[in-house]
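> This is a predicted model, with the sequence first.
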Amino acid sequence: MSPVSNVLLVTIDSLRWDVPGAYRETPVVTDYAIATDALDRFAERATVFDRHWTGSLPCMPQRREFLAGVREFLWRPWGPAEPFDDLLPALARDAGIYPHLVTDHYHYFERGGEGYWTDFLSFDFVRGHERDALRTTPRHPDAQLLAQSGIRPDEADAIRRDNAQYARNVTDLDPTDERDFFAARTFGTAAEWLREATPELDRWFCYVDSFDVHEPFHNPEPYASMYTDEDPRDPNLRIWPEYASVDAQDMDERELDFVRSQYAGKVTMTDSWFGGLLDVLDDRDLWDETMVVVTTDHGYALGDHGHLAKNHQPTYDEVARTPLFVHYPGETRDRVGGLTSAVDVHSTIRDALGLPGESPHGRSLLPLVTGERDPADHRDYALYGYFGAGVNVTDGRYTYHHPPADADAPLHRYGATYASTAYGGDAPTGDAVTPSSLPYASLPVWQVAADTWVQHEDPMLFDVEPDPHQTSDIAASAPDVRDRMVALLRRGLEEASAPDAQFARLGL
């Protein structure tokens, strides 16, 4: 298996695993199919991974998995790249492969996201999505968009990062022209780079990181009305739900249906502009020399289990199970049913480009794609979750969700490059500790006190083959399976050399 010349990595933020047509046997919670023509077109020439889970949640922790191959949630939360990380753009650059980034994901450029983009030899940053600190004025942006974002007019002038920032950022956006919207600008910029830059490059690695289909679900026509009969500009209908349960934000069925429709519209718009990348690959006849990987960081709850968005609720599969498609030149499998994990993306790209070394926690998927390895031999478990919360494990059939046993037990986060994020964080105290506290580190790291947080009180177990939407908890009725999954979780922590404090606070 010789290295490919080029790799195109595409991540579509918040794309649920049950939305693309290739996974349509398990329908999304909407009562209609969401059009994903471009993803379906790509799936026809790609290997589709049927049992693929995320790892470290949410956004930037997952990008550390993609770009550094590190499953970080056992040691630290959201944070910057570390000096000992083998970042894909740096590895590619050192091997004479040109790395380029196209993104509208503003977290790269704020406190706590440092270092992930700096080794790309060039990048395009599409400004203004979500709470990107782009515009100062107008202090009182469009009242209708504020209302749909959950902001009262008297709140909009606050000098703080809130949902009003988005309304401010898109003041000059033409709501009737989809070319002004972020998916169009991000994928359009990427298509232009592929068309204009790649003919002059011998080898390249391009990462297209689209923040859509992330909220706010602000869509132009025809997408805003594609899946609803409501007025998409009705100020009483929200496009930006809170990270909370449906009940906690007093959302009735009409409002919930509208959120689902606007999520669906944004998926279809994003998919349409992703299709522009496929057109360039067709036009430039790049398929025979380019590996193309398409996936996401996490999904999004649309009322599943009574919740919206992510983070606050148990880590159900609407957030943790993700789609993955890999096109690799040559004879390849159509589908892979074995268990895979997001951290494997780093190893796969490293393998495909012939880059030296190994990822700390990833395993290359190429032998599965080419048929050189039985998918059943790739992984027998995958860990996933949020730092400081419970830890979850799947064997590809069962998902086991293990809560903290002692919320007051000591917990620390570890890192050599300490940075408090825009979401908070204490300054490091005491002395730096040896690299043994962080088994993949090559220099001393800070040890910082951290808190446990609880998403659910009791263990939960689901059989996702007959119950893909995890509606029937069998933790009490299947004790043998539960005990086996607990043992698998303990083994996963041991094999990762997780800190002792993790075992203690989890009661393991």
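Yes, it's here.
> contacts, neighbours, all on C-alpha from now
Noted.
> Need phi/psi at residue 57.
phi -110, psi 160 (degrees, to the nearest 10).
> what about residue 102, neighbour count?
Using other CA atoms under 10 Å, residue 102 has 25 neighbouring residues.
> residue boundaries of the helices in this protein?
Along the chain, the segments classed as helices by DSSP state H run 37-43, 59-68, 88-94, 143-148, 164-169, 182-196, 253-283, 317-320, 344-353, 366-370, 479-495, 500-506.
> Now do residue 32: how many residues are near it, please.
Count around residue 32 with other CA under 10 Å applied: 11.
> quick one on the thing from earlier: make JSON lines out of the helices of the chain and add mean neighbour count, mean pLDDT and distance to residue 404.
Formatted as JSON lines, the helices of the chain follow (neighbours: other CA atoms under 10 Å; pLDDT from 0 to 100; distance: least, CA to CA, whole Å):
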{"stretch": "helix 37-43", "mean neighbour count": "19", "mean pLDDT": "98", "distance to residue 404": "38"}
{"stretch": "helix 59-68", "mean neighbour count": "25", "mean pLDDT": "97", "distance to residue 404": "20"}
{"stretch": "helix 88-94", "mean neighbour count": "20", "mean pLDDT": "98", "distance to residue 404": "34"}
{"stretch": "helix 143-148", "mean neighbour count": "21", "mean pLDDT": "94", "distance to residue 404": "36"}
{"stretch": "helix 164-169", "mean neighbour count": "26", "mean pLDDT": "94", "distance to residue 404": "36"}
{"stretch": "helix 182-196", "mean neighbour count": "21", "mean pLDDT": "98", "distance to residue 404": "39"}
{"stretch": "helix 253-283", "mean neighbour count": "21", "mean pLDDT": "98", "distance to residue 404": "31"}
{"stretch": "helix 317-320", "mean neighbour count": "25", "mean pLDDT": "98", "distance to residue 404": "19"}
{"stretch": "helix 344-353", "mean neighbour count": "25", "mean pLDDT": "98", "distance to residue 404": "27"}
{"stretch": "helix 366-370", "mean neighbour count": "21", "mean pLDDT": "98", "distance to residue 404": "35"}
{"stretch": "helix 479-495", "mean neighbour count": "16", "mean pLDDT": "98", "distance to residue 404": "13"}
{"stretch": "helix 500-506", "mean neighbour count": "17", "mean pLDDT": "95", "distance to residue 404": "4"}
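> what about these, which gets the closest to residue 222?
Of all the helices of the chain, it is helix 253-283 that lies closest to residue 222, at 8.4 Å by CA to CA.
> which residues of the stretch 51-200 of the chain score low on pLDDT?
156, 158-161 (pLDDT under 70).
> sorry, back to before: need the helices of the chain in CSV (columns: distance to residue 75).
Formatted as CSV, those follow (distance: least, CA to CA, whole Å):
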stretch, distance to residue 75
helix 37-43, 35
helix 59-68, 11
helix 88-94, 21
helix 143-148, 38
helix 164-169, 32
helix 182-196, 32
helix 253-283, 33
helix 317-320, 19
helix 344-353, 19
helix 366-370, 28
helix 479-495, 11
helix 500-506, 9
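> Do a quick rundown of the strands in the stretch 51-200 of the chain.
Using DSSP state E, counting those that start in this stretch, the strands of the stretch 51-200 of the chain run over 56-57, 98-103, 122-125.
> quick revisit: among the helices of the chain, which is nearest residue 452?
Across these, closest to residue 452 is helix 500-506 (CA to CA), at 8.3 Å.
> if I look at the spatially most central residue of the chain, how far off is residue 244?
The centre of the chain sits closest to residue 297, judged by CA atoms, centre = their mean, with a distance of 1.1 Å. Residue 297 sits 20 Å away from residue 244, going by CA to CA, to the nearest Å.
> One more: residue 154?
23 Å.
> again with residue 498
Residue 498 is 30 Å from residue 244, by CA to CA.
> Over to residue 372?
From residue 372 across to residue 244, the span is 44 Å (CA to CA).
> Between the two, which has more neighbouring residues?
Between residue 372 and residue 244, residue 244 has the larger neighbour count (other CA under 10 Å), namely 17 against 11.
> and the more buried one, how far is that from residue 259?
Residue 244 is 14 Å from residue 259, by CA to CA.
> likewise residue 317?
19 Å.
> what's the answer for residue 496, then?
39 Å.
> beta partners of residue 392?
residue 384, residue 401 (DSSP bridges).
> burial count for it?
There are 26 residues near residue 392, going by other CA under 10 Å.
> got it, and residue 391?
What residue 391 shows, counting by other CA under 10 Å, is a neighbour count of 22.
> Now for it: which residues touch it?
With contact set as CA atoms under 8 Å, 6 or more residues apart in numbering, residue 391 has these partners: 383-385, 401-403.
> out of the helices of the chain, nearest to residue 14?
It's helix 317-320; of the helices of the chain, that one is closest to residue 14 (CA to CA) at 8.0 Å.
> Please write out the alpha-carbon positions of the closest one in PDB.
The C-alpha coordinates for helix 317-320 follow below in PDB (Å, rounded to 0.1, in the frame of the first residue of the first chain):
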ATOM      1  CA  ASP A 317     -25.500   8.500  20.500                       C
ATOM      2  CA  GLU A 318     -27.300  11.400  18.900                       C
ATOM      3  CA  VAL A 319     -24.200  13.300  20.100                       C
ATOM      4  CA  ALA A 320     -21.500  10.500  20.300                       C
END
